[in-house]
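Participant: make a model of this:
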Amino acid sequence: MRQLLELRQQKAELTEKMKALLSTVQTESRSLSEAESSKFSAFKSDIEQLNQKIECAEIVDNEERAMIGGSQSVRTGNLPSNAEIRSFITGETRSLSVGIAENGGHAVPNELDSMIMAQLRDGSVFRQNALNASTTSHKLDKLVSVGGTSAGWAGEGDTRTETNTSTLKKVTVEVNEIYAYPKTTNEIMNHAQIDLASWLTTEVATEMLLAEEAAFWNGDGVKKPKGLLTYTRALTADATRAFGTVQKLETAAVGVIAGDDLVSLAHTLRQPYRANAKYFMNDSTFEAIRKIKDNEGNYLWRAGIGEGESMTLLGKPVEIAEEIADDLIVYGDLTKAYMIVDKPDGTTMQPDSITSPGFYKVYTQRYVGGALLDSNAVKFLEVKTV
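Facilitator: This next block holds a predicted model:
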């Protein structure tokens, strides 16, 4: 979507240059000179090429919006018009808002909120893999089973004694404000060719995406989600490790990851969590993993052969997340391990045309939280340092 916006901005700039050239000629009451005619033709040719690129980008953009979230496709037919968004941002009317939110901002239409959320899902490795939930309050409580259920055998007429039941732990996920403050100039606002809905949602989503992704992985839990990588780690197994502590493994050798380390990591994750398990690592670590071979010289890593197939490691998909530190691999089922909580339709906007003269800003906020659910569903492999 950012590419589409940039193409439209380029077209708007070329159009202004053509208008300025014609305006000069008309003011001087003369015809185009040979040089001016050549320049005008070049502008026209560039705009025709941009129109083709814009048409292709619009097709791709519409298809991507339709695919994001499966049946939850983004509706583009009822988006606010440029005039409505322009009036909202400049403070002339409140045509964009559908009501005043409790925080004083203006709740945005569902279509814009859906566009923002779709871009957050599409760009976030963490959102695509974690459990996504919603709450209408400022926190969400979820009960998590930590096991303990037992069974017994009995013959006909035997007395049946009570068996153990699973122990439940409560996990509370609080939501906190995340905000973006995009700014634009009066000139951009007045360009008819600029898709203001795309500009606004893309700017908001881009800023929030970076902050969210960093928090889901490494957040300290203070006014933001507690990141998966910040939870306590221990070498102890599932049965004896404290709830909320993630099991870690260390490589057998100092400073290097071997194939045997990856096999041990895969088998440390218990069977109920293996079906949807994935490997997560940064690109530097992935480069080292790609070079690992088995005893017969075959690479453990496999590229996806068919269309849409993921690259795999020991038969499991690999996801690249640059927020993960070097020489650390995360393995497990993130949908069981971590929960992201959003307040539905919780995006609010407050236009600001005062604090920066000559510019228009839109203070945009949402509420989001995240926390570890089941520490048995994910394992860490650390490279031994000493």
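
Participant: list the buried ones in the top strand by length along the chain?
Facilitator: Ordering each strand of the chain by length in residues (DSSP state E) puts strand 359-372 first. Going by neighbour count (16 or more other Cβ atoms under 10 Å), the buried part of strand 359-372 is Tyr360, Lys361, Val362, Thr364, Gln365, Arg366, Tyr367, Val368, Gly369, Gly370, Ala371, Leu372. Glycine gets a C-beta too; all of them are placed from N, C-alpha and C.

Participant: so the second one sits right up against Ala180, yeah?
Facilitator: Yep, that's Lys361 we're talking about. No. Lys361 lies out of contact with Ala180 (Cβ atoms under 8 Å); the separation is 10.1 Å.

Participant: partner strands of the longest strand of the chain and their direction?
Facilitator: Using DSSP bridges, strand 359-372 pairs in its sheet with strand 176-180 (antiparallel), strand 183-185 (antiparallel), strand 338-342 (antiparallel), strand 348-352 (antiparallel).

Participant: and the host helix or strand of Ala42, what does it pack against?
Facilitator: Element membership for Ala42, per DSSP states H and E: helix 34-67. The contact analysis (3 or more Cβ pairs under 8 Å, 6 or more residues apart in numbering; DSSP states H and E) places helix 34-67 against helix 2-27, helix 110-123.

Participant: among these, which gets the worst mean confidence?
Facilitator: Of all these, the minimum mean pLDDT falls on helix 2-27 (a mean of 75).

Participant: strands along the stretch 101-250 of the chain, start to end?
Facilitator: 106-107, 131-134, 139-145, 168-174, 176-180, 183-185, 233-234, 246-254 (DSSP state E, counting those that start in this stretch).

Participant: Gly255 and Val263: what is the separation?
Facilitator: Remark: distance between Gly255 and Val263 (Cβ to Cβ, to the nearest Å) = 19 Å.

Participant: comparing those two, which shows the higher neighbour count?
Facilitator: Val263 (13 against 10; other Cβ atoms under 10 Å).

Participant: hmm, Leu314 and the more buried one touching each other?
Facilitator: Yes. In terms of Cβ under 8 Å, Val263 counts as a neighbour of Leu314; the distance is 7.0 Å.

Participant: how about residues contacting stretch 211-229?
Facilitator: With contact meaning Cβ atoms under 8 Å, 6 or more residues apart in numbering, stretch 211-229 is reached by 120, 124-127, 130, 176-178, 230, 321, 323-325, 328, 330, 334, 337-338, 340, 368-372, 378.

Participant: let's see that with 7 Å instead.
Facilitator: 120, 124, 126, 176, 178, 230, 321, 323-324, 338, 340, 368-372 (Cβ atoms under 7 Å, 6 or more residues apart in numbering).

Participant: rewinding a little: what pLDDT, on average, does the helix holding Ala42 get?
Facilitator: Helix 34-67 comes out with an average pLDDT of 76.
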